[in-house]
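J.: Need a 3D model of the following:
(one chain, ligands or ions: 2)
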Amino acid sequence: MRIRRLKLSGFKSFVEPAELRIEPGLTGVVGPNGCGKSNLLEAIRWVMGEASAKSMRGGGMEDVIFAGTATRPPRAFAEVVMTAETAADAQGRREDLEVVRRIERGAGSAYRINGRDVRAKDVALVFADAATGAHSPALVSQGRIAAVIAAKPAERRAMLEEAAGIAGLHVRRKDAEQK
Ligand code: ATP
Ligand code: MG
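T.: Ligands and ions are numbered 1, 2, ... in the order given. The predicted structure follows:
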């Protein structure tokens, strides 16, 4: 799957609607500390269905909504639109995918895929089929790098197994041993 475009509005520090086009090839995001680089990565995870406020560095999910500053009032909602192209199927066909997640204060999250209202579960399924998603090992957050370096060997092994997609085998083995 290729992410083509991101639109953010009221999401964390992106108070004004912002649109980013991601061209083929390697993309780098540069800027001073606190300018919103990590917030961008979090927007990608969030629109793909991230359910943990903690992994969005917040206490509750509404913390992703622009909270206001001394000169700007807070926003009532946050919205992220991700336009992506699916990986080529056996016939070489790619599909366009537009996923929208919106959260309003007091109203929770709502999702749309290609203009249709869907459940969080449907979004998770789309990305699970594409072997990506909010918990994909392809998305490595800043703190995670330090955690890998500081980890004890057994912990690091667990991380590598998770990345290799074999962590589930341990659960199944334990299950089988108990039978
Ligand atoms: P670094 O280089 O230090 O990693 P960064 O570019 O990754 O910085 P981010 O962590 O993405 O920066 O952005 C942090 C900024 O986002 C902070 O200034 C913080 O106040 C702001 N921010 C986060 N959530 C909100 C929110 N809900 N409303 C307004 N601002 C927010
Ligand atoms: Mg950062």
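
J.: pull the CA atoms of stretch 89-109 into CSV?
T.: Written as CSV, here are the backbone C-alpha positions of stretch 89-109 (Å, rounded to 0.1, in the frame of the first residue of the first chain):
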residue,chain,number,x,y,z
ASP,A,89,-3.3,-7.6,-7.1
ALA,A,90,-2.5,-10.7,-9.2
GLN,A,91,-3.8,-8.8,-12.3
GLY,A,92,-1.6,-5.8,-11.5
ARG,A,93,-4.6,-3.7,-10.5
ARG,A,94,-4.4,-1.0,-7.8
GLU,A,95,-7.3,0.5,-6.1
ASP,A,96,-7.6,4.0,-4.6
LEU,A,97,-8.6,4.2,-1.0
GLU,A,98,-9.8,7.2,0.9
VAL,A,99,-10.1,6.7,4.7
VAL,A,100,-11.5,9.4,7.0
ARG,A,101,-11.5,9.4,10.7
ARG,A,102,-13.1,12.2,12.6
ILE,A,103,-13.5,12.7,16.4
GLU,A,104,-15.8,15.3,18.0
ARG,A,105,-15.7,16.3,21.6
GLY,A,106,-18.2,14.1,23.5
ALA,A,107,-19.1,12.1,20.4
GLY,A,108,-16.2,9.7,19.8
SER,A,109,-14.7,8.6,16.5
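
J.: mind listing what's buried in it?
T.: 97, 99, 100, 101, 102, 103, 104, 109 (16 or more other C-beta atoms under 10 Å). (Each C-beta comes from the backbone N, C-alpha and C, glycine too.)

J.: close to ligand 1, is it?
T.: No - Stretch 89-109 stays clear of ligand 1 (C-beta under 6 Å from any ligand atom), getting no nearer than 11.0 Å.

J.: ok now that stretch, how far from the chain's centre?
T.: Mean-position distance between stretch 89-109 and its chain equals 11 Å (C-alpha atoms, centre = their mean, to the nearest Å).
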